[in-house]
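Peer 1: no FASTA, just this:
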């Protein structure tokens, strides 16, 4: 008798079944939206629109940390999205692995560059 692969007794395989990644995408999107509103509020209520004024906003330790957490969320958000694109549309396993590794390296370089920029202000 052949195994029936439909209904409640079907064999489901895979990693996390998508819920964790779906939730991560939503939470990081909310974090980025909050950051955008805080940045917009800082811009609209500020009076010093020079480099020194913006450097003063980013010089505050809480804002550096908030920016870092937001950018790390952005990089994770981008990783989940790009990984899903590679998995869905690139059928060659070797090419898919190469693209995923290139994406990881690129996002890690961006994260390191973000830390350097934030802590140089």
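Peer 2: Great, that's in hand. None of the values given here were measured: they were computed from a predicted structure.
Peer 1: which of the residues in the lowest-mean-pLDDT helix or strand in the chain are buried?
Peer 2: Across the helices and strands of the chain, mean pLDDT, DSSP states H and E gives its lowest value to helix 51-59, namely a mean of 87. By 16 or more other Cβ atoms under 10 Å, the buried positions in helix 51-59 come out as 57-58. Just so you know, the C-beta spots here come from the backbone N, C-alpha and C atoms, and that holds for glycine as well.
Peer 1: tilt between the helix or strand just after that helix and helix 51-59?
Peer 2: Following helix 51-59 in sequence order, the next helix or strand is helix 61-89 (DSSP states H and E). Between the axes of helix 61-89 and helix 51-59, defined by axes from the mean of the first three to the mean of the last three Cα atoms, to 10 degrees, the angle is 80 degrees.
Peer 1: And helix 61-89, what does it pack against?
Peer 2: Where contact means 3 or more Cβ pairs under 8 Å, 6 or more residues apart in numbering; DSSP states H and E, helix 61-89 is packed against helix 19-45, helix 51-59, helix 93-118.
Peer 1: Point out the one among those that comes closest to residue 76.
Peer 2: Of all these, it is helix 19-45 that lies closest to residue 76, at 5.9 Å by Cβ to Cβ.
Peer 1: what angle separates the closest one from helix 61-89?
Peer 2: Going by the same axes, to 10 degrees, helix 19-45 makes 140 degrees with helix 61-89.
Peer 1: what about helix 19-45, average pLDDT?
Peer 2: Averaging pLDDT along helix 19-45 yields 93.
Peer 1: cool, stretch 103-119 as well?
Peer 2: For stretch 103-119, mean pLDDT rounds to 97.
Peer 1: Centre of the chain to it, how far?
Peer 2: 12 Å (Cα atoms, centre = their mean, to the nearest Å).
Peer 1: Stretch 50-62 now?
Peer 2: Using Cα atoms, centre = their mean, the offset of stretch 50-62 from its chain centre is 24 Å.
Peer 1: residues in contact with that stretch?
Peer 2: 42, 46-48, 63-64, 67, 118, 121 (Cβ atoms under 8 Å, 6 or more residues apart in numbering).
Peer 1: what about 7 Å?
Peer 2: Residues outside stretch 50-62 that contact it (Cβ atoms under 7 Å, 6 or more residues apart in numbering): 42, 46, 63-64, 67, 118, 121.
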